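S.K.: Give me coordinates for this.
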Amino acid sequence: MTKKTKIGRMNLNDDYTGIGLVIALGGSVFIIFVSVLMIYISTPPEKIYVAKVNGVGVMRTEFDKAVNNNKRIYVQYMKMDFTDPKNQSQLDDIKKNSLENLINRELYLQYAAKNNIVPDQSDIDAELEKIKKDNFKGDDKEFRLYLKRINTTLIQFTDTIYKDKTVEKVRKTVGDEKIKISDKDLQEYYDKNKKEFTTAEQVQASHILVKEEAKAKELYEKVKADPKKFAELAKENSTDPGSKDKGGDLGLFGKGQMVKEFEEKAWSLEKDTIAEPIKTQFGWHIIKKVDFKPEVVETFEKSKTKIKDKIKETKLKDVMDKFTKQLKIEAKIDTFDNNLAIKPSPSPISSTSVKLDDKKTSNSPKVEVKEITPTDKKSDRVETSSTKADIQVKTSDKKEEKTDTSKPKEEKKDSNAPKLELKPVTSNEKKDETKKDASDIKTIDKKESKEEKKDEKK
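M.R.: Here you go, the predicted model:
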């Protein structure tokens, strides 16, 4: 016997407002979703992407950021005016290079995914902490305010670092597999480049600098009577702002770093002796020789690691160029701007597909990619290793003339106010200063690129 089911009647007195609201809300969401989808589908690809690599889009917004980032470098270091038609060809080159760098990065990321190349989480965490330390003095609150200001989440920012480190690991993997360096190679390099491993003789000296000869002679008599008071008298009387607070100490310096008269006197003195006042373009000096370091040549054994890294880095560029060309031959790359079209390599590198062996992308974010994205410190940017721009501008060609107050070398004799600070600048410090020019302006387009990736996923 079949059991009959009772269907209750709708009670008109019941309140169905809640159900109606849910249905209405669901309908609205559906309509919005369909509308957005239709807009997306109807939008031409070139409006969203500047290129596609094996079907994966390179966001136009990401491309625009890379171009603007590189333009800033040229404006800052080369004082280039991009509103001038004469510089249009340079702007075109910047666009092409920026696109090629983004395409290369996508190729490396896809290669990493296929070959299970994943960066260590510890490297990502260390990079994040380094960014905080270098740009925000380790203040997490300031860092998060910065992310909010540039409309980037911590997840997006970290994702950019992850991609940079992935590209870096691809480069390392390729380099390790493709580049083989023998002990014979290391020895040959060492023998041919001995100067690189030689530290020239150096002198350490202190001085008291004053303007008048009479004052210099007066102070000389005092330190001659009691040499132990040299540092105290330097702090009280020296006009060299770079050394007076250190008791006149100039540290170690090599030949060619001080003005001729100063250098000759410092080198001629015996250790712990004080010379009579001498005159240079900066005034009158009372010089005390503190120490002398003879020339030192680093042994081959101690230099091996350094040499290996240098040779590897030199060879890596050629290896990565070939590796990238092969990836492009095997990839399907579509560009949506004829003026930016990336032409395929004319000659294949090898008939077989590339195997696990590539290291850094020449254009991926810091991923060492040989790109620097200097941005003014004042500009709202921070640099992650990946944000390094897509084109490397040699700052050495266009260095701002800096007067090194720490170096009494004759610079401009007609200057009305010659520099007084005599602290020598070592070769290492010079390198650091050049680095500083480019890295003080560190940027963080990385973070912003993360946003784009997120948009792409959406």
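S.K.: Please enumerate the helices of the stretch 251-400 of the chain.
M.R.: 260-268, 300-330 (DSSP state H, counting those that start in this stretch).
S.K.: Of all these, which one is nearest residue 202?
M.R.: helix 260-268 (10.2 Å; C-beta to C-beta). All C-beta spots, glycine's among them, are computed from the backbone N, C-alpha and C.
S.K.: what's the closest one packed up against?
M.R.: strand 202-210, strand 278-280, strand 283-293 (3 or more C-beta pairs under 8 Å, 6 or more residues apart in numbering; DSSP states H and E).
S.K.: Of those, flag the one that's most buried.
M.R.: Counting by mean count of other C-beta atoms under 10 Å, strand 202-210 has the highest mean neighbour count of the helices and strands packed on helix 260-268, with a mean of 24.
S.K.: For that strand, output the C-alpha coordinates as CSV.
M.R.: Presented in CSV, the C-alpha positions along strand 202-210 are these (Å, rounded to 0.1, in the frame of the first residue of the first chain):
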residue,chain,number,x,y,z
GLN,A,202,99.2,51.6,3.1
VAL,A,203,99.9,54.3,5.7
GLN,A,204,97.8,55.2,8.7
ALA,A,205,98.1,58.8,9.8
SER,A,206,96.4,61.4,12.0
HIS,A,207,96.6,65.2,11.4
ILE,A,208,95.5,68.5,12.8
LEU,A,209,94.4,71.0,10.1
VAL,A,210,94.4,74.7,10.7
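S.K.: Looking at it now, give me its mean pLDDT.
M.R.: When pLDDT is averaged over strand 202-210, the result is 95.
S.K.: ok, now stretch 337-351?
M.R.: Across stretch 337-351, the average pLDDT comes to 44.
S.K.: quick one on the thing from earlier: for residue 288, find the nearest of the helices of the stretch 251-400 of the chain.
M.R.: Set against residue 288 and scored by C-beta to C-beta, these come closest in helix 260-268, at 9.1 Å.
S.K.: May I see the buried residues of that closest one?
M.R.: Across helix 260-268, burial judged by 16 or more other C-beta atoms under 10 Å covers 261-263, 265-266.
S.K.: same check, this time on stretch 180-191
M.R.: Neighbour-count burial for stretch 180-191, counted by 16+ other C-beta under 10 Å, picks out 186, 189-190.
S.K.: what's next to that stretch, contact-wise?
M.R.: Applying C-beta atoms under 8 Å, 6 or more residues apart in numbering, the contact partners of stretch 180-191 are 197, 300, 303-304, 307-308, 310-312.
S.K.: what residue ranges in this structure are flagged as low confidence?
M.R.: By pLDDT under 70, the weakly predicted segments of the chain are 1-20, 33-46, 338-458.
S.K.: Walk me through the domains of it.
M.R.: 47-182+299-389+443-458, 201-294+405-438 (automatic domain parsing).
S.K.: now the helices of the stretch 251-400 of the chain in CSV, with distance to residue 142?
M.R.: Shown next, in CSV, are the helices of the stretch 251-400 of the chain (distance: least, C-beta to C-beta, whole Å):
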stretch, distance to residue 142
helix 260-268, 44
helix 300-330, 34
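S.K.: The ones you listed: which one's closest to residue 67?
M.R.: Counting by C-beta to C-beta, residue 67 lies closest to helix 300-330 out of the helices of the stretch 251-400 of the chain; the figure is 20.5 Å.
S.K.: which residues touch residue 284?
M.R.: 209-213, 215-216, 277-278.
S.K.: measure it to residue 223 for me?
M.R.: According to C-beta to C-beta, to the nearest Å, residue 284 and residue 223 sit 13 Å apart.
S.K.: Okay then, goodbye and thanks.
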